[in-house]
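In: When you get a sec, could you give me coordinates for this:
(one chain, ligands or ions: 1)
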Amino acid sequence: KNREYKWKVEYMHWCPDGVDGVVISINGQFPGPTIRAIVGDTIFVHLTNNLPTEGLVIHWHGISQIGTPWADGAALISQCPINPGETFLYKFKVDKAGTYFYHGHYGMQRSAGLYGSLIVEDEKEAFHYDEEFNLLLSDWWNKSSHDQQIDLSSKPFRWIGEPQSLLMNGRGQFNCSLAAQFSKFPIHQCKLRGDEQYAPQIFNVHPNKTYRLRVASTTALASLNLAIEGHKMMVVEADGNYIQPFFVENMDIYSGESYSILFKTDQDPSNNYWISISVRGREPKTPQGLTILNYIPNFASKIPNSPPPLAPLWNDYNYSKSFSNKIFGLMGLSPKPPTRQNRRILLLNTQNRIEGYTRWSINNISLVFPTTPYLGSIKHGINNAFDTKSPPNTFSKNYNIMKPPPNPNSTYGNRVYMLKFNTTIDIILQNANALGENVSEIHPWHLHGHNFWVLGYGDGKFDHKKDVEKFNLKNPPLRNTVVIFPYGWTAIRFVANNPGVWAFHCHIEPHLHLGMGVVFAEGVHLVKNVPNEALNCGLTRKMFVKDKH
Ligand SMILES: O=C1O[C@H]([C@@H](O)CO)C(O)=C1O
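Out: Residues are numbered from 1 along each chain as shown. Down below sits the predicted model:
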């Protein structure tokens with residue numbers, strides 16, 4: 001079935017957390033409209049850019065874009081930014097059921113609120129539940145994304161700091177708390193009618209039923225821990241892939257990830273319960289995000305009897321690792337990886353300085369995008385659109401990942417990893433110490449155009465002999481986003497079988513903005529029918545202009 005949408009994108013005054021601000025809206029909505037489709041459908045989004053002075057793209061996070069790499073919505077990789085006033089057609093197939101989302105992928109437009117949910121239903125779901133809910137998580141700053149972008153690109157660097165609020169389906173509370181009566185700090189109890197832009201969305205449930213909660217995180221920065229007070233959660237889906245179900249009391253979710261969980265409303269039906277999200281992995285300066293699980297027929301305004309769930313300590317990384325290590329592919333339903341790789345690429349993540357600017361680099365190159373989208377320049381053999389030298393396949397064996405970089409200087413670059421079509425690629429993401437002493441942070445890495453198998457995580461520096469032997473080739477989970485823990489490594493495997501050019505990057509918006517990503521190209525000669533509108537900029541634009549005359 002075809003599903004067609006006409007979307008207008010513009011700035012709009014909005015109050016996501018009770019403080020007046022500006023968001024990027026779609027058809028007057030924030031978050032943008034939810035797309036619901038059935039596996040196999042084709043989505044048509046006619047996207048009109050009504051931002052007065054900025055280009056625009058939308059990335060369909062988790063959708064493989066097989067045969068439509070130009071519709072991936074990564075600015076200057078898969079297409080030119082859509083100019084103000086212009087309309088671009090995204091046409092793509094949703095070929096895999098699951099919980100997805102979409103978001104801006106140009107500048108820091110995701111931080112400005114350009115996001116929404118994309119749900120692909122299966123013809124017959126593999127597990128039973130009575131009803132489902134959708135929960136899109138994000139974080140919010142009371143400073144505009146433009147100001148943040150300027151701060152990050154300034155000399156000296158000004159860090160954006162921690163978010164002011166956490167949002168659930170675009171709603172949070174900055175100046176008041178739903179749980180003020182339990183708070184250790186003086187804060188007002190929110191007095192809400194329920195129709196405020198920042199009033200929480202209440203989840204209404206009947207006792208003794210099973211619910212599916214689809215949850216995705218599009219945070220700009222925050223790693224989160226989600227809990228439903230008193231309710232065990234069974235995790236059944238990760239990034240649109242079936243996983244071996246497992247039970248947890250609360251779960252970590254990093255930017256770029258999505259999950260489905262099943263829970264039973266088996267608690268005392270005369271009470272309501274908290275649904276909470278809390279910051280992990282960075283010292284939290286942001287209050288918990290809260291909403292209410294409302295057992296019908298209780299009043300939605302009935303505050304739960306107990307304080308909101310306590311999150312694990314922000315720096316209890318063993319807790320986070322133990323959650324990640326519980327995720328396995330579902331035998332039978334989740335495909336197994338090829339047993340051998342053809343190429344192994346090691347990517348060292350470092351924080352650096354370039355001419356006094358603070359940047360992030362991969363193998364000492366900090367990514368900057370060319371002015372011609374790679375998809376166009378590679379397909380049309382334009383050699384002067386970017387640096388065609390191969391980027392480094394690895395980093396120095398002697399690099400001490402436990403210390404700040406001895407020489408923090410790095411360079412800007414826009415090189416591309418050319419992957420031989422249909423080969424199996426292993427990537428080892430190696431974390432390291434940032435610029436400050438004793439600092440190493442979490443980075444969730446997201447791959448466009450593919451799912452990958454997560455073969456393993458480890459502490460310290462990756463060891464080619466010992467660590468390879470520990471790879472899980474039996475039932476690794478398939479994902480499109482995976483985290484690297486402080487001072488650790490993560491190994492993934494994928495098959496380069498999707499013709500196109502694909503970004504692989506840290507999903508923390510300011511980190512990508514500061515260069516934390518790489519670009520892969522594979523089988524670009526096989527790409528057909530790239531619409532001219534996707535390439536109407538840079539050196540490819542000149543090509544079309546010449547064609548016309
Ligand atoms: O990119 C970052 O910069 C800051 C800090 O390293 C410098 O202020 C931080 O926590 C980041 O994640």
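In: how about the residues of the stretch 151-300 of the chain near the ligand?
Out: Applying C-beta under 6 Å from any ligand atom, we find that the stretch 151-300 of the chain lies next to the ligand at Trp159. Glycine gets a C-beta too; all of them are placed from N, C-alpha and C.
In: In the stretch 51-200 of the chain, which residue sits nearest the ligand?
Out: Nearest residue of the stretch 51-200 of the chain to the ligand (C-beta to the nearest ligand atom) works out as Trp159 at 3.6 Å.
In: wait, that residue sits on Asp151?
Out: Yes: if you go by C-beta atoms under 8 Å, Trp159 and Asp151 touch, sitting 7.4 Å apart.
In: Have a look at the two and say which one is more surrounded.
Out: When Trp159 and Asp151 are compared for neighbours, Asp151 comes out ahead with 15 against 10, by other C-beta atoms under 10 Å.
In: Who are the contact partners of that one?
Out: 143, 157-160 (C-beta atoms under 8 Å, 6 or more residues apart in numbering).
In: Buried ones from those, can you make that a ChimeraX selection?
Out: To isolate the buried members of these in ChimeraX, using 16 or more other C-beta atoms under 10 Å:
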select :160
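In: State the helix or strand in which the residue of the stretch 51-200 of the chain closest to the ligand lies.
Out: Assigned by DSSP states H and E, Trp159 belongs to no helix or strand.
In: Contact partners for it?
Out: 151-152.
In: Now do it, the pLDDT please.
Out: With respect to pLDDT, Trp159 scores 98.
In: mind pulling up the phi and psi values for it?
Out: Trp159 adopts backbone torsions of phi -70, psi 150, taken as degrees, to the nearest 10.
In: ok, which pair from the contacts of Asp151 is furthest apart?
Out: By the measure C-beta to C-beta, Lys143 and Phe157 form the most distant pair in the contacts of Asp151, at 15.2 Å.
In: I'd assumed Glu533 was in a helix, is it?
Out: Yes: applying DSSP: H, G, I helix; E, B strand; the rest coil, one finds Glu533 inside a helix.
In: Can you tell me the SS state at the closest residue to it other than its chain neighbours?
Out: Residue nearest to Glu533 in three dimensions, not counting chain neighbours: Phe88, with 5.9 Å by C-beta to C-beta, 6 or more residues apart in numbering. Put simply, Phe88 is strand when judged by three-state DSSP.
In: Phe88 bridge partners, please.
Out: Beta-bridge pairing of Phe88, defined through DSSP bridges, involves Leu47.
In: how about the residues of the stretch 351-500 of the chain that lie near the ligand?
Out: 434, 441.
In: Which residue lies nearest the spatial centre of this protein?
Out: Gly256 (1.8 Å; C-alpha atoms, centre = their mean).
In: if I read this right, that one contacts His448, doesn't it?
Out: No: using C-beta under 8 Å, Gly256 is not in contact with His448, being 10.7 Å away.
In: can you map out the helices along the chain?
Out: Under the criterion DSSP state H, the chain contains helices at 145-152, 317-324, 374-379, 466-469, 509-513, 538-548.
In: What mean pLDDT does the longest one get?
Out: For helix 538-548, the per-residue pLDDT values average out at 78.
In: Just give me the neighbour total for the residue nearest to Glu533.
Out: By the criterion of other C-beta under 10 Å, Phe88 has 24 neighbours.
In: list the contacts for it?
Out: Phe88 neighbours (C-beta under 8 Å, 6+ apart): 46-47, 49, 79, 82, 533-534.
In: Selecting buried members of those residues in ChimeraX, what would you type?
Out: Per 16+ other C-beta under 10 Å, the buried members of the contacts of Phe88 correspond to this ChimeraX selection:
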select :47,49,79,82,534
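In: From the contacts of Phe88, pick the one nearest the ligand.
Out: Using C-beta to the nearest ligand atom, Gln79 is the member of the contacts of Phe88 that sits closest to the ligand, with 27.4 Å.
In: Quick check: chain neighbours aside, which residue is closest to that closest one?
Out: In space, Gln79 is closest to Ala534, 4.0 Å off (C-beta to C-beta, 6+ apart).
In: my guess is that neighbour contacts Gly376, does it?
Out: Yes: Ala534 is in contact with Gly376 according to C-beta under 8 Å; the separation is 7.4 Å.
In: residues contacting the closest residue to Thr68 other than its chain neighbours?
Out: Distance criterion C-beta to C-beta, 6+ apart; nearest residue to Thr68, sequence neighbours excluded, is Phe92 at 4.7 Å. Listed by C-beta under 8 Å, 6+ apart, the contact partners of Phe92 are 42-43, 60, 63, 65, 68, 71.
In: Now the buried members of those.
Out: 43, 60, 63, 65, 68, 71.
In: Return the subset of those residues lying in strands.
Out: Among those, the members found in strands (DSSP state E) are 43, 60.
In: what stretches of this protein score poorly on pLDDT?
Out: Along the chain, the model assigns pLDDT under 70 to residues 545-549.
In: again, 80 this time
Out: Applying pLDDT under 80 to the chain picks out residues 544-549.
In: give me the number of residues near Lys465?
Out: Here the number of neighbours of Lys465 (other C-beta under 10 Å) works out to 6.
In: same thing with Lys420?
Out: Other residues near Lys420 number 12, with proximity taken as other C-beta under 10 Å.
In: I'd assumed Ala496 was in contact with it.
Out: Yes: between Lys420 and Ala496 there is a contact at 6.9 Å, judged by C-beta under 8 Å.
In: shared neighbours of these two, anything?
Out: Each of Glu522 lies in contact with both Lys420 and Ala496 under the rule C-beta under 8 Å, 6+ apart.
In: okay, stretch 76-90 in PDB with CA atoms only?
Out: Extracted in PDB, the C-alpha atoms of stretch 76-90 (Å, rounded to 0.1, in the frame of the first residue of the first chain):
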ATOM      1  CA  LEU A  76      25.600  16.300   1.700                       C
ATOM      2  CA  ILE A  77      25.900  12.500   1.900                       C
ATOM      3  CA  SER A  78      22.700  11.300   0.200                       C
ATOM      4  CA  GLN A  79      21.300  14.600  -1.000                       C
ATOM      5  CA  CYS A  80      21.500  18.400  -1.200                       C
ATOM      6  CA  PRO A  81      19.700  20.300   1.600                       C
ATOM      7  CA  ILE A  82      16.200  21.200   0.400                       C
ATOM      8  CA  ASN A  83      16.200  25.000  -0.100                       C
ATOM      9  CA  PRO A  84      13.700  27.300   1.600                       C
ATOM     10  CA  GLY A  85      10.500  27.300  -0.300                       C
ATOM     11  CA  GLU A  86      11.200  24.100  -2.200                       C
ATOM     12  CA  THR A  87       9.500  20.700  -1.900                       C
ATOM     13  CA  PHE A  88      11.300  17.400  -2.100                       C
ATOM     14  CA  LEU A  89       9.800  14.000  -2.400                       C
ATOM     15  CA  TYR A  90      11.000  11.200  -0.100                       C
END
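In: which parts of it are buried?
Out: Buried-residue list, stretch 76-90, by 16+ other C-beta under 10 Å: 76-83, 86, 88, 90.
In: can you check stretch 437-444 too?
Out: Within stretch 437-444, judged by 16+ other C-beta under 10 Å, the buried ones are 440-444.
In: likewise stretch 181-200?
Out: Applying 16+ other C-beta under 10 Å to stretch 181-200 flags 190, 197-200 as buried.
In: Show the contacting residues for Val482.
Out: Listed by C-beta under 8 Å, 6+ apart, the contact set of Val482 reads 429, 444-445, 452, 454, 490, 492.
In: Export those residues as JSON lines, with columns for distance to Leu136.
Out: Output for these, formatted as JSON lines (distance: C-beta to C-beta, whole Å):
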{"residue": "Leu429", "distance to Leu136": "26"}
{"residue": "Pro444", "distance to Leu136": "16"}
{"residue": "Trp445", "distance to Leu136": "20"}
{"residue": "Phe452", "distance to Leu136": "23"}
{"residue": "Val454", "distance to Leu136": "23"}
{"residue": "Thr490", "distance to Leu136": "25"}
{"residue": "Ile492", "distance to Leu136": "25"}
